[in-house]
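A.B. asks: Provided below are the primary sequence and the corresponding predicted coordinates.
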Amino acid sequence: MKTLTLTCDLGGSLTKAIVKEYPREKGVSIIMGSAIANLSKKSVEGKFSDIPIESGIWIAHKNEYFVLGDLAVKEFAGTNSLKKLKYEIAVPKLLGLIAAAMTSHNCLEAKIYMMCLLPSGEINDGDKLAKEMSAACKNEIQSSHGNFKVELAGFNTAVEGSGVLGYRVKKLGKESWSSRNVVMAMVGYRNASALAFENGVPVFSPTSDLGMNWMVSRFIDRSAVGLSASMAPKIVKSLVDAYQKSDEDALINLSRKSDHKDKIADAKIFDEVMEVLFDEYSRALFRFISDSLNECNEVLLCGGTAYLVKPYLESYFYNEEIEIIWDGGVEVPKFIDKHDLDYRLADCYAMHETFVRGIDKLTGFARQAQIVG
């Protein structure tokens, strides 16, 4: 029976994980859309087995059937359920990642060690999630891609940002870390959170609603040209393509108008709205982060949303003489990042390294390599 390790990041816009056949195989990324829809058995039974798991899968849990990923959106009007806490909808998503990992490793039975990153405000629910996962894995995991038998050898949770934070502490060394005031800021789709450390000691962990969702909802309201909340994933992609990848057609293609001249007019509105929104959002984000600690030496800044306003944030922190260490200096190896997620995988990868080394101690495996892979 194969042994797998899974390090999971349940992002608001994308579910990410790194799976590794323990102890020697190199790890690799798994992704799945974060949307979810709960359905009856009749809606999914005998269906969707021919769809790649990363495009969607259904999972049975507690007499309900949950469709995950893009399939949930396209077929069943699934949503990202941003109003719910992450841990509340974590079990079906984690079961989906287990099914994806076991399918990619061609096994119907496996021993699995699992790590799940949770927001700081939900970390006390980690024990509850562990119990729910243990109960869910006692019977076969039923899915659109077959049934899987799992021995859940271990289930751990850690605060989002812990991977990057641990990497930075190790890089600085304990003596240097204990003399610095640092804010670890995670800016994702759902929200923004901060972990503040004074002389290396945690002092404050605020959370705000300043995620990408904050900007998207205002973009829809202010542009007022027929966009809707259901278009949020498309809007996010268009904004990233337009402002990070310099795609001149991204905003034009976002318009719902049929006439090309009207599309161009909408694109101009979009650009004008975003010019103001980028400034407002980055100022709000700067206030949130800088207010987390009175005197700050450096900010460890992570999350795809932060990169969208990177020039603004760098300018504000530079003026305050506060250094930004993007992703804590973590670099994700190319052999793991097969989906080209780059910095979006940084926290998950850094935690993967820490988690697997913890399993090494548990099992007594003597690893010689600098990275666990």
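C.D. replies: Okay, I see it. Numbering: from 1, shown residues only.
A.B. asks: Look up the pLDDT of Ser120 for me, please.
C.D. replies: With respect to pLDDT, Ser120 scores 82.
A.B. asks: Show me what counts as buried in the strand ranked longest in the chain.
C.D. replies: Determined from DSSP state E, the single longest strand within the chain is strand 146-159. Buried positions in strand 146-159, judged by neighbour count with 16 or more other Cβ atoms under 10 Å: Phe148, Val150, Leu152, Ala153, Phe155, Thr157, Ala158, Val159. C-betas here are computed from N, CA, C, even on glycine.
A.B. asks: Same check on stretch 285-295?
C.D. replies: The neighbour-count check on stretch 285-295 (16+ other Cβ under 10 Å) flags Leu285, Phe286, Phe288, Ile289, Ser290, Ser292, Leu293 as buried.
A.B. asks: Go through these and flag which are in helices.
C.D. replies: Leu285, Phe286, Phe288, Ile289, Ser290 (DSSP state H).
A.B. asks: quick one: which of these is nearest Ile252?
C.D. replies: Leu285 (27.9 Å; Cβ to Cβ).
A.B. asks: How about the closest one: what's its closest non-neighbour residue?
C.D. replies: Leaving aside its chain neighbours, Leu285 sits nearest to Leu210 (5.4 Å; criterion: Cβ to Cβ, 6 or more residues apart in numbering).
A.B. asks: List the contacts of the one you found.
C.D. replies: Leu210 makes contacts with Val187, Asn191, Ala192, Tyr281, Ala284, Leu285, Phe288, as judged by Cβ atoms under 8 Å, 6 or more residues apart in numbering.
A.B. asks: ok, the fifth one to Ser143 distance?
C.D. replies: Just to be clear, that refers to Ala284. When distance is defined by Cβ to Cβ, to the nearest Å, Ala284 is 41 Å away from Ser143.
A.B. asks: Between these two, which has more neighbouring residues?
C.D. replies: In this view Ala284 and Ser143 are compared by other Cβ atoms under 10 Å, and Ser143 has more residues nearby, 26 against 15.
A.B. asks: can I assume that one is in contact with Ile57?
C.D. replies: Yes - counting by Cβ atoms under 8 Å, Ile57 is a contact partner of Ser143 at 5.8 Å.
A.B. asks: Using the three-state scheme, assign the residue nearest to Leu285.
C.D. replies: State at Leu210, reduced to three classes by DSSP: H, G, I helix; E, B strand; the rest coil: coil.
A.B. asks: and it, what are its phi and psi?
C.D. replies: Torsion angles at Leu210 (phi, psi; degrees, to the nearest 10) stand at phi -80, psi 50.
A.B. asks: Give the residue spans of the stretch 201-350 of the chain that score low on pLDDT.
C.D. replies: The model of the stretch 201-350 of the chain has no residue with pLDDT under 70.
A.B. asks: how about a cut-off of 90?
C.D. replies: Where the stretch 201-350 of the chain drops to pLDDT under 90, the residues are 204-207, 229-233, 248, 292-295, 303-304.
A.B. asks: And for the stretch 51-200 of the chain?
C.D. replies: The stretch 51-200 of the chain contains residues with pLDDT under 90 at 51, 53-54, 63, 73, 78-87, 119-123, 174, 188, 190-191, 193.
A.B. asks: how about the helices of it, start to end?
C.D. replies: Applying DSSP state H, counting those that start in this stretch to the stretch 51-200 of the chain gives helices spanning 70-76, 90-104, 126-136, 162-172, 174-177.
A.B. asks: So which residues of the stretch 201-350 of the chain form helices?
C.D. replies: Under DSSP H, counting those that start in this stretch, the stretch 201-350 of the chain gives helices at 212-223, 232-243, 250-254, 260-290, 304-308, 310-319, 346-363.
A.B. asks: Which of these sits closest to Val183?
C.D. replies: Among the helices of the stretch 201-350 of the chain, helix 260-290 comes nearest to Val183, with 5.7 Å by Cβ to Cβ.
A.B. asks: For the closest one, list every residue counted as buried.
C.D. replies: Applying 16+ other Cβ under 10 Å to helix 260-290 flags 263, 266-267, 270, 273-274, 277-278, 281-282, 285-286, 288-290 as buried.
A.B. asks: and Lys16, what element?
C.D. replies: Element membership for Lys16 (DSSP states H and E) is strand 14-21.
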